[in-house]
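In: Got a predicted structure plus its sequence, pasted below:
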Amino acid sequence: MRRQAYEAPATKQDEGGFGGFITPSAVMALPHGENPSFVIGTDGFEGGRAIRLALDRANDYRPYRVWTVDGAAGFAGNFTSDGSSVYWLDTSGRLWGTELELGSKPTNWPSYSINLPALIGARAAFTNTEPAVEVRQGPDGPETHLYITLRNYTDTGADLRSGRTGNDGAVVAVGPDGQVKWFRKFGPADRLNGEKASMNTAPLALVGRGALLFGDVNGYLYTYSLDTGNAAGGDPRPALIRPTDKAPTNRFLLLHDGERPADGPFNFSQFAGVGIDPVFVDGLLITGYNFYWNGEPSGRLVAYRVGEAYDLRWLDSPEPVVLVPGAPVSVQARVQLELTSRTLGELCEAVAVQWFLTDQNGRLVRSLGETPLPPSLAPQQPHTVTVTVSAVEGDPEEGEIVGVIDLPSVYALSAAHTANPKVALARAIGAALGLPAEKSCAGAVAEVVEREGEPGPEGGLANNVLTFAYNRPEQQVVDDPAVVGLMTPEMAEAGKPFEVGIYLDYRNNLGRSQIRVPLRLWARPAAGGSPPAGAWREVTIQHGACCTARPGTIPGLAAGVWEIIAEIDYPGDTRPENNRVVRRVEVLDMRSGGGGGPEGGAITD
């Protein structure tokens, strides 16, 4: 830990001056020469000042000034960046921007700052939050769009900071040319019991859902469209679902019966109402709010589904089929729409089941076409789809037929390193097809929910994936246990054990339903090493299932690159080449001390 005093003049008469309240967060900039560099700002230092500082490695990391940008009002909110420029707000509602490297104004901006109150027809405004940044691909390259909440505004110049929470607030969207795309002034219709609708959270841009989310001091959450033809009012975009509802809404109250919004100690306090800037993760919006209950202050953390949480899922598990050249086989399975009150056509314009043929290791062999789902498909109404398959030259002797409902959405919404084998199979197919990470429809929908039979946040994606085995008539004996997958983290912490998932498969034409084989899990440095003695353990592998999963634990390892190995030993194996899977893990030394050497892993049967 180092502490280095920044000895600078406390006046703006000196361009190196820096003082006041250092309230904004810092934004990293490119190194200045060989020195690390960042941009930070102050509130109340003869107005505000943004300064790019670098740390001199050759002089005990002493800070020195690279450039400064001054404003007449304080810089009380956090700084944000699009990678090339840094953006912030001052307490008078002006939006500021500076190119990170040289400190010049952003490209296409008229100056360093934009007078947002003037552009929305207000005399004055106040805010202490930060802009939301969206970088989108435009016709001429990347474009930066900014979204701002003005905590309070006034059209007359009066009442800006009056009352317990100040005046009503506004939200403003700014395009890449520094011009206003749209704005929305809140007023009497948005108030709670006559209290002003003051916007006291930084906005959150949910780019994949085309929605902007923010909250007010009265406990309301709002969602508006990122783009709209309604320049002077914005368009509400329903994107949040109450816990007891099925359809999304664009505004709802977080307070429960008997609760009233907290005031906060000042009319610019974040302790009032929705004072916690919202965040978004795994399909959930997470925020907090402050309230009074029986006269006592309290608060609550909440999480809400974002978008309309529909779920399309398979109801059936077809039996294995035998494929013969020239003899098509038709298989039927039922699809059902759930968790919504609307028809499929009201949720998405076009959704289909994509069919594929894979080998026994899940590798894509060929596409079998798709079956469009009808827009009239209603909730809780099973719908039968059919796939017809016949063997062609080059097909493996055995493998799986895979049906994925809405593969683009499964691919876009799932985690890149998912531990769910069904979702991993769908992702592998999507990657082999070169799918972009985009949902099939632009509607505010999400399927990242836990579902019966498929625990975890990706259960609503896993039940989109249907697999059933196929084989072709053959003369040779098949008696083939296999290690088909090993899920490991990309990185682990030195000295700390970590969990892995081992996926096993068993194929045979001997009529066996399962087999017991020795399995061992162990680790060695990437340069090589011998397995530990006595690491084998007998495990049971089921026949015909998608896979048999076994959890395992790797004990703490020393820092470096390691190979994690899962392997089975079966002398009568007709395909011994698929009995071993190796994955690499980078082990990082995040604390003093170290781990052990090559170790066997613990396996749960």
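Out: Perfect, I can see it now. Numbering: from 1, shown residues only.
In: Mind jotting down where the helices sit in the stretch 301-450 of the chain?
Out: Using DSSP state H, counting those that start in this stretch, the helices of the stretch 301-450 of the chain run over 344-347, 407-413, 421-433.
In: pLDDT score for Asn464?
Out: pLDDT, the model's per-residue confidence, is 93 for Asn464.
In: how about the helices of the stretch 301-450 of the chain, which one is nearest Asn290?
Out: Counting by CB to CB, Asn290 lies closest to helix 407-413 out of the helices of the stretch 301-450 of the chain; the figure is 32.4 Å. Glycine gets a C-beta too; all of them are placed from N, C-alpha and C.
In: Show me the contact partners of that closest one.
Out: Under the contact criterion CB atoms under 8 Å, 6 or more residues apart in numbering, helix 407-413 has outside partners 208, 283, 354, 404, 423, 426-427, 429-431, 435-441, 445-448, 461, 464-465.
In: Just to check, Phe468 is in contact with Val322?
Out: No: using CB atoms under 8 Å, Phe468 is not in contact with Val322; the gap is 11.9 Å.
In: Flag the shaky bits of the protein, pLDDT-wise.
Out: For the chain, applying pLDDT under 70 flags the ranges 243-247, 282, 307-309, 442-450, 455-457, 474-476, 545, 591-605.
In: In three-state terms, label Gly534 for me.
Out: coil (DSSP: H, G, I helix; E, B strand; the rest coil).
In: residues near it, how many?
Out: 8 (other CB atoms under 10 Å).
In: separation between it and Ile502?
Out: As judged by CB to CB, to the nearest Å, Gly534 and Ile502 stand 18 Å apart.
In: one step back: same list (the helices of the stretch 301-450 of the chain) but as CSV, adding distance to Thr371.
Out: Below are the helices of the stretch 301-450 of the chain laid out as CSV (distance: least, CB to CB, whole Å):
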stretch, distance to Thr371
helix 344-347, 13
helix 407-413, 12
helix 421-433, 16
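In: mind listing the strands in the stretch 51-200 of the chain by residue range?
Out: Along the stretch 51-200 of the chain, counting by DSSP state E, counting those that start in this stretch, strands occupy 62-71, 80-81, 85-89, 94-99, 113-115, 124-126, 132-138, 141-150, 152-154, 170-174, 180-185.
In: I'd like those strands written out as a markdown table, with distance to Ala5 and mean neighbour count added.
Out: Output for the strands of the stretch 51-200 of the chain, formatted as a markdown table (distance: least, CB to CB, whole Å; neighbours: other CB atoms under 10 Å):
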| stretch | distance to Ala5 | mean neighbour count |
| --- | --- | --- |
| strand 62-71 | 9 | 18 |
| strand 80-81 | 26 | 18 |
| strand 85-89 | 24 | 27 |
| strand 94-99 | 25 | 23 |
| strand 113-115 | 31 | 19 |
| strand 124-126 | 33 | 24 |
| strand 132-138 | 32 | 15 |
| strand 141-150 | 34 | 22 |
| strand 152-154 | 37 | 26 |
| strand 170-174 | 38 | 25 |
| strand 180-185 | 42 | 21 |
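In: Indicate which one of those is closest to Lys12.
Out: For Lys12, the closest of the strands of the stretch 51-200 of the chain is strand 62-71, at 6.1 Å, according to CB to CB.
In: Show me what the closest one is packed against.
Out: With contacts taken as 3 or more CB pairs under 8 Å, 6 or more residues apart in numbering; DSSP states H and E, strand 62-71 sits against strand 48-56, strand 94-99.
In: That one pairs with which strands, and in what direction?
Out: Here strand 62-71 is paired, per DSSP bridges, with strand 48-56 (antiparallel).
In: Centre of the chain to the partner strand, how far?
Out: Relative to its chain's centre, strand 48-56 lies at 32 Å (CA atoms, centre = their mean, to the nearest Å).
In: Output it in CSV with nothing but the alpha carbons.
Out: These are the backbone C-alpha positions of strand 48-56, laid out as CSV (Å, rounded to 0.1, in the frame of the first residue of the first chain):
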residue,chain,number,x,y,z
GLY,A,48,-15.2,22.2,-10.6
ARG,A,49,-12.0,21.0,-12.2
ALA,A,50,-11.3,17.8,-14.1
ILE,A,51,-7.7,16.8,-14.2
ARG,A,52,-5.7,14.1,-15.8
LEU,A,53,-3.0,12.9,-13.5
ALA,A,54,-0.1,10.6,-14.2
LEU,A,55,2.1,8.7,-11.7
ASP,A,56,5.8,9.1,-12.2
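In: got the angle for it vs strand 94-99?
Out: 30 degrees (axes from the mean of the first three to the mean of the last three CA atoms, to 10 degrees).
In: Residue numbering should commence at 448 henceforth.
Out: I'll keep to 448 as the first residue from here, and by that count the last item is strand 495-503.
In: what angle do strand 495-503 and strand 532-536 make?
Out: Angle between the axes of strand 495-503 and strand 532-536 is 140 degrees (criterion: the same axes, to 10 degrees).
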